[in-house]
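[1] Build me a model from this:
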Amino acid sequence: MTAPGVVTDSNGFFHPLGDHAGASFQIDGQPINDQQSKVFSTQIPLNALQGMEIVTGAPAAEFGEKTSLVVNATTRSGLGQHQPRGEVLGSYGSFGTDVGEANMGLGTDKIGYFFALNGLRSGRFLDTPEFTPLHAIGNNESFFQRFDLQPRGNDVFHVNFYVARNWFQTPNTLDQPTQDQRQKVVTFNIAPGYQHTFNSHTLLTVNPFFRRDNVHYYPSPDISDDTPLTISQTRHLTNFGFKADLAYSEGKHNLKFGTQIMGTRLSEEFTAGITAFDFNPVCLDRTGNAIPAPAITNPANCTRAGFLPNPDLQPGLVAIDLTRGGKLFDFNARGTPKEYSGYIQDSITLGNLTVSPGLRIARYDGLSQATGVQPRIGFAYHVKRTNTVLRAAYSRTMETPNNENLLLSSFTGAAGITDVFGAFSQNPIEPGRRNQFNVGFQQALGRFVQVDGDYWWKFTRNAFEFDVLLNTPITFPILWRKDKLDGFGIRVSTINVHGFSANTSLTHGRLRYFGPETGGLIFNAPLGNVFRTDSDDPFNQTTSVRYQWRRNGPWAALTWKYDRGQVAGVGSLEDMFGLTGAQQAAGGFFCGNRFAAPDNPIAACPSGNAGTTRLRLPANDEVANDDTNPGRVAPRNLIDIGFGTDNLFMAETGKRLLLRFTILNVTNKAALFNFLSTFGGTHFVPPRTYQGSLGIAF
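    You can find the predicted model right below:
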């Protein structure tokens, strides 16, 4: 979250260089390109990681599929730990949050074993659409273990095994008082690895892998409690394959070439039905209010009954409107997208100049087919006199479709399904083709401060985003005709100076998407030809300051986050009048001294003194523009603080007592991540949150 070019979002998501879910994780050589979060495949726990390298610039040729951010992570090992080392930690905090963590590693020079066991329960598991959490309990359990074998110096084997389970309630709005929808995610992963050192110049690495995610979404026990939709889902995603490469280093060259072959078995079952008569009404009364009229399913019959036809009716949804005699929409499909790729890259040192050419060729064979020839090249020049590094790069990438709900999202344009959801295109979601340009610098300011900056431009044909199903965690990959993205990321950091250290990340993004759209289950009106997604953020910054007394003494830290405001799902103040009282209240809508309430919406404002406290919206539709002047979430400042010690009694050897206390959102700021977004729904930032931790390290 502190990397330059990364914008934070709800539920732990982030937008790297303008892309939602445009990140790939390389965990001990295993490539993971599917989403890693609470609501998708459960991510590996932090206490299982030895270290991370984050790449937000031009991707090397060995990385494909999702390239806006690459995380190279190395897990912890017990190899060489002749005495057991580990930690046991317990935490308790706001919203009834209980956390338990334990990890340990031990081994010899030839055999090592490490495990990490984690559990969490919280009354605010996901970010909620109301400031006060409603129906938001969840828990997570995970177990990671790594086994290492080094029978001789030239050969190293390891096996990573990981299993995790997420269970949570879908947070409700005040419009859903009795809804009880829930989701369960079970993740299983096994990834062996092998390295052989031929000599001091040549290294072979082979990484087979198998990962499976089982996702179950449950409707309320009584589906009449679900509003405005009742939804159920059973989805399986099984990813398998291997990656192998040979690295050679000699003289001016650091060469690597290899291959990656993988398949993803998908199984999707999905049902949905409308339970609220005013969600897609066929008829309206003379004042524009929805009429139940369960017997009228054809708008042509509204006038005969004394009503008006609804001009915004989506005719296809009438078939699944349970309030008008419809039946549940039922979808069931299987598929296995596959991808084959090979790559070669080099890093050539020519005095003060480093040249990094590369080429990746990939074949995608899924619901659509494509072959991508992806040349990449980067230059870095070190100006020794000023201690400056100047760099520039070009990358051609093939972005592959997201796998979560890919089948249903691709088939919404097929015969029969398009009659329900009204998708624009009958084509499956295709890979995207991107040209990316980066220019940047790194500058040392004396001995203590370093500045790193990067400006990026990305131009994509077939640009990906996600369509969220109302405020549920269910999302569908969608495709826009093209995008034009640009922005910058700057990071200023210091070394440790007498216990003090600090870093600041500054990010700007301008993200323009062009229709039409393919796929997804968008229930609202299609967006215009050119628009900004909720990833668009004019400016945000994160500043962290830390002080530690002596080498192993107590520490204190402060983090300040400022966000100018991402694009909202309403374009102007006029749009607020058509929302429910609960939605208006979430946006802080007011007319003069009167604020909207869930049971007291504002239908008109004769005085003209209307506004919002949590949104920044143009005054009328003539001023509002989806591209040049979209409505936005209001700017927010958030302060987090923490203090504690990793060695309470400052023991030089033996057991250490850990004590920590954190406060998030110290000022209890009521602010939004997003609001009624087609791509993210509505989510508040967490209220003031306390957490205390006590543990022992040995």
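
[2] wait, what's in contact with the closest residue to residue 455 other than its chain neighbours?
    Among residues not flanking residue 455 along the chain, residue 488 sits closest, at 4.5 Å (CB to CB, 6 or more residues apart in numbering). For glycine as for every other residue, the C-beta is placed from the backbone atoms N, C-alpha and C. Going by CB atoms under 8 Å, 6 or more residues apart in numbering, residue 488 touches 4-5, 453-456, 506-508.

[3] From residue 508, how far out is residue 488?
    With distances taken as CB to CB, to the nearest Å, residue 488 is found 5 Å from residue 508.

[4] likewise residue 351?
    As judged by CB to CB, residue 351 and residue 508 stand 34 Å apart.

[5] Likewise for residue 357?
    On the measure of CB to CB, residue 357 and residue 508 end up 30 Å apart.

[6] Those two: which is more packed in?
    Comparing residue 357 with residue 508 by other CB atoms under 10 Å, the one with more neighbours is residue 508, at 18 against 15.

[7] does the more buried one belong to a helix or a strand, and which?
    Assigned by DSSP states H and E, residue 508 belongs to strand 500-518.

[8] where are the low-confidence patches of the chain?
    The model of the chain has pLDDT under 70 over residues 413-420, 422-426, 522-528.

[9] domain parsing for it?
    6-275+332-570+634-697, 283-320, 573-623 (automatic domain parsing).

[10] most packed of those domains?
    Mean neighbours per residue, mean count of other CB atoms under 10 Å, is largest over those for domain 6-275+332-570+634-697, with a mean of 18.

[11] Show me the helices in this structure, by range?
    Ranges of helices in the chain, per DSSP state H, are 406-411, 418-421, 573-576, 581-586.

[12] could those be laid out in JSON lines, adding distance to residue 44?
    Output for these, formatted as JSON lines (distance: least, CB to CB, whole Å):
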{"stretch": "helix 406-411", "distance to residue 44": "23"}
{"stretch": "helix 418-421", "distance to residue 44": "35"}
{"stretch": "helix 573-576", "distance to residue 44": "41"}
{"stretch": "helix 581-586", "distance to residue 44": "34"}
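
[13] sorry, back to before: okay if I get the contacts of residue 488 as a markdown table plus distance to residue 297?
    Formatted as a markdown table, the contacts of residue 488 follow (distance: CB to CB, whole Å):
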| residue | distance to residue 297 |
| --- | --- |
| 4 | 54 |
| 5 | 50 |
| 453 | 59 |
| 454 | 56 |
| 455 | 55 |
| 456 | 51 |
| 506 | 55 |
| 507 | 49 |
| 508 | 49 |
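
[14] just the residues you listed now: which is nearest residue 374?
    Using CB to CB, residue 456 comes nearest to residue 374 of the contacts of residue 488, at 16.8 Å.

[15] In this structure residue 100 contacts residue 87, no?
    No - counting by CB atoms under 8 Å, residue 100 sits too far from residue 87 to count as a contact (11.5 Å).

[16] Which stretch among the domains of the chain approaches residue 326 most closely?
    domain 283-320 (4.9 Å).

[17] coming back round to it: tell me which strands and helices the strand holding residue 508 is in contact with?
    Here strand 500-518 touches strand 6-8, strand 475-494, strand 530-532, strand 540-548, going by 3 or more CB pairs under 8 Å, 6 or more residues apart in numbering; DSSP states H and E.

[18] Quickly list what residue 664 is bridged to.
    residue 689 (DSSP bridges).

[19] List the contacts of it.
    Applying CB under 8 Å, 6+ apart, we find residue 664 in contact with 638, 640, 686, 688-689, 691.

[20] likewise residue 328?
    Contacts of residue 328 by CB under 8 Å, 6+ apart are 230, 271-273, 320, 322.

[21] Let me know the closest of those residues to residue 384.
    Among the contacts of residue 328, and counting by CB to CB, the member closest to residue 384 is residue 272, at 63.0 Å.

[22] does the closest one really touch residue 319, like I thought?
    No - applying CB under 8 Å, one finds residue 272 not in contact with residue 319, separated by 11.2 Å.

[23] anything in contact with each of those two?
    Shared contacts of residue 272 and residue 319 (CB under 8 Å, 6+ apart): residue 329.

[24] on that earlier part again, for the contacts of residue 488, work out which two are farthest apart.
    Using CB to CB, the pair of the contacts of residue 488 lying farthest apart is 456 and 506, separated by 13.9 Å.

[25] list residues touching both of those two?
    488-489.

[26] quick one on the thing from earlier: against residue 146, how distant is the residue nearest to residue 455?
    Distance, residue 488 to residue 146, using CB to CB: 38 Å.

[27] can you check residue 681 too?
    Residue 681 is 37 Å from residue 146, by CB to CB.

[28] what about the strands in the stretch 501-650 of the chain?
    Applying DSSP state E, counting those that start in this stretch to the stretch 501-650 of the chain gives strands spanning 530-532, 540-548, 555-563, 589-591, 594-595, 610-612, 615-616, 632-633, 636-645.

[29] Make TSV from those and add distance to residue 235 to it.
    Shown next, in TSV, are those (distance: least, CB to CB, whole Å):
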stretch	distance to residue 235
strand 530-532	29
strand 540-548	33
strand 555-563	32
strand 589-591	36
strand 594-595	41
strand 610-612	37
strand 615-616	34
strand 632-633	30
strand 636-645	34
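
[30] and of those, who's closest to residue 496?
    When the strands of the stretch 501-650 of the chain are compared for distance to residue 496 using CB to CB, the nearest one is strand 540-548, at 8.1 Å.

[31] now the angle from the closest one to strand 636-645?
    Angle, strand 540-548 to strand 636-645, by axes from the mean of the first three to the mean of the last three CA atoms, to 10 degrees: 20 degrees.

[32] got the angle between strand 540-548 and strand 555-563?
    Put simply, strand 540-548 runs at 170 degrees to strand 555-563, going by the same axes, to 10 degrees.

[33] same for strand 540-548, what does it pack against?
    strand 500-518, strand 555-563.

[34] one step back: adding distance to residue 326, write the domains of the chain out as JSON lines.
    Converted to JSON lines, the domains of the chain look like this (distance: least, CB to CB, whole Å):
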{"stretch": "domain 6-275+332-570+634-697", "distance to residue 326": "7"}
{"stretch": "domain 283-320", "distance to residue 326": "5"}
{"stretch": "domain 573-623", "distance to residue 326": "23"}
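
[35] what are the ranges of the strands in the stretch 151-300 of the chain?
    Here the stretch 151-300 of the chain has its strands, by DSSP E, counting those that start in this stretch, at 155-169, 182-197, 202-218, 229-250, 253-274, 283-284.

[36] Of all these, which one is nearest residue 547?
    Closest to residue 547 of the strands of the stretch 151-300 of the chain is strand 155-169 (CB to CB; 34.9 Å).

[37] Can you list the strands that that closest one pairs with?
    In the sheet, strand 155-169 lines up against strand 138-152 (antiparallel), strand 182-197 (antiparallel) (DSSP bridges).
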